[in-house]
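1. can you look at this prediction? I've put the sequence above it.
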Amino acid sequence: MIYLKEPLIAAVIVNWNRQDLLKQAVVSLLNNGWKNLAIIVVDNGSTDGSVDLIRDIFPDVHLIVNSGNYGFARANNQGFERAYALGAEYIFLLNNDATVEAGCLSKLRNYLGTHHKVGAVAPYIFYSEKPDVIWFGGGVADLWRGRIGHIGIRRRFDARRYREVRCGYLTGCAFLVRTEVVQKTGGFDPIFGLYSEDVDLSLKIRRLGWELWAIPQAKVFHQVSASAGGSTSPFKAYHLGRSTAILMKRYVPALSWLALLPLGLLGGIFKSVKLIGRGYSASAWAMWRGIAAGMFNWLVPIEFRLGLENSSD
């Protein structure tokens, strides 16, 4: 029998001040069962001991240490460059606040190995605190109708109901992509800083003629928004607003804005009222600041100041 060596998968994790979660993410990859694996951690200037943790406990992990918070997109691109240099055939993105189920990498790679039109594939992603509830079961990206979102979010998983699904986009939380595909797209666009960079990359992959899929047989568990100060933090609201505005400007035809602008304003007002009603007036204000920043090309410093308010992707 001829033994065929597993192709090299490079797993890229961007970290910023999440030593506890980072350790769990790395351990889950090491215990995943894929032998030919290179783990690349890109640290965005952490001050909580994350760098020492990797150096002391995981000496075989490839570590890139930035002097400050370079943002999710730019840091991932640094990880991609290291993956190219290592000769990885596939790149696996994983958030520092997520863990992979045993066998996840094998299932994702086997799917790409047998589906040659698929450029990238994502696992189904579940809430860590509710491991039978879906956070991501595929992504819809219909910008012309103003629809960007997760399929099956907050629904209880039923294997009889959920199947492999072709996607409009894949979340940057976790997916496996062919290295050649990432190279042709140029990776993430750092203009986004945080959020929507995954939608942008997915749309670039699709424009190259590749398909995107999510499969339920591979599973990841995500501590949703743990690194961004919670789902209603002003930091997250600001960057979601800004990145979404940039995305819409880039991909939506000018004529479509006539219909989208009033709908977007109504949607934003509705969300603001909802946030204020729940006691998150600072987040409502931050969201509108972000939208204005994205629409009018206001610059955001490379160093993401936490005074607005706490965190990273």
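-> The structure has been received and is ready for your questions.
2. pull the CA atoms of the longest strand along the chain into CSV?
-> Once the chain is assigned using DSSP state E, the strand that runs over the most residues is strand 211-222. Provided in CSV are the C-alpha atoms of strand 211-222 (Å, rounded to 0.1, in the frame of the first residue of the first chain):
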residue,chain,number,x,y,z
GLU,A,211,-18.0,28.3,-4.9
LEU,A,212,-18.3,28.6,-1.1
TRP,A,213,-20.0,26.0,1.1
ALA,A,214,-20.7,25.2,4.7
ILE,A,215,-21.0,21.7,5.9
PRO,A,216,-22.6,20.4,9.2
GLN,A,217,-20.4,17.3,9.6
ALA,A,218,-17.5,19.7,10.6
LYS,A,219,-18.1,21.7,13.8
VAL,A,220,-16.6,24.7,15.5
PHE,A,221,-17.7,26.2,18.8
HIS,A,222,-17.6,30.0,19.2
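3. buried ones in the helix or strand that that strand is followed by?
-> Downstream of strand 211-222, the first helix or strand assigned by DSSP states H and E is helix 234-251. The neighbour-count check on helix 234-251 (16 or more other Cβ atoms under 10 Å) flags 234-248 as buried. From N, CA and C alone the C-beta is placed, and that goes for glycine too.
4. from the contact counts, what lies against helix 234-251?
-> helix 197-207, helix 257-277, helix 281-295 (3 or more Cβ pairs under 8 Å, 6 or more residues apart in numbering; DSSP states H and E).
5. what's the closest of the buried residues of helix 234-251 to Cys167?
-> Leu247 (16.1 Å; Cβ to Cβ).
6. need the residues that contact the helix or strand hosting Ile91.
-> According to DSSP H and E, Ile91 maps onto strand 90-94. Residues outside strand 90-94 that contact it (Cβ atoms under 8 Å, 6 or more residues apart in numbering): 7-13, 25, 29, 76, 79-80, 83, 100, 105, 108-109, 112, 172-179, 182, 220.
7. what sits against Lys35?
-> Counting by Cβ under 8 Å, 6+ apart, Lys35 has contacts Glu6.
8. can you pull the pLDDT of it?
-> On pLDDT, Lys35 comes in at 94.
9. ok but it is inside a strand, no?
-> No. Using DSSP: H, G, I helix; E, B strand; the rest coil, the secondary structure at Lys35 is coil, not a strand.
10. give me the phi and psi for it.
-> phi -80, psi -40 (degrees, to the nearest 10).
11. Ile153 versus that one, what's the distance?
-> 34 Å (Cβ to Cβ, to the nearest Å).
12. one step back: nearest to Glu197, of the buried residues of helix 234-251?
-> Ser243 (7.1 Å).
13. contacting residues around the nearest residue to that closest one once chain neighbours are set aside?
-> In this structure, Ser243 finds its nearest non-sequential neighbour in Ser196, 3.5 Å apart by Cβ to Cβ, 6 or more residues apart in numbering. For Ser196, the contact set (Cβ under 8 Å, 6+ apart) comprises 148, 240, 243-244, 246-247.
14. quick check: the closest residue to Cys104 other than its chain neighbours vs Asp198, distance?
-> Ranked by Cβ to Cβ, 6+ apart and with sequence neighbours excluded, the top spatial neighbour of Cys104 is Ala218, at 4.6 Å. Ala218 is 17 Å from Asp198, where distance means Cβ to Cβ.
15. ok, Lys184 next?
-> Distance from Lys184 to Asp198, by Cβ to Cβ: 17 Å.
16. ok, these two, which is more surrounded?
-> Asp198 (25 against 14; other Cβ atoms under 10 Å).
17. got phi/psi on the residue nearest in space to the middle of the chain?
-> In the chain, the centroid-proximal residue (Cα atoms, centre = their mean) is Gly172; its distance is 1.7 Å. The phi and psi values for Gly172, taken as degrees, to the nearest 10, are phi -70, psi 0.
18. mind listing what it touches?
-> Contacts of Gly172 (Cβ under 8 Å, 6+ apart): 72, 76, 93, 95, 188, 197-198, 201, 313.
19. list only those of those residues flagged as buried.
-> For the contacts of Gly172, buried by 16+ other Cβ under 10 Å: 72, 76, 93, 95, 188, 197-198, 201, 313.
20. show me which pair in the residues you listed is furthest apart.
-> Farthest pair in these (Cβ to Cβ) is Asn95 and Leu201. Separation: 14.8 Å.
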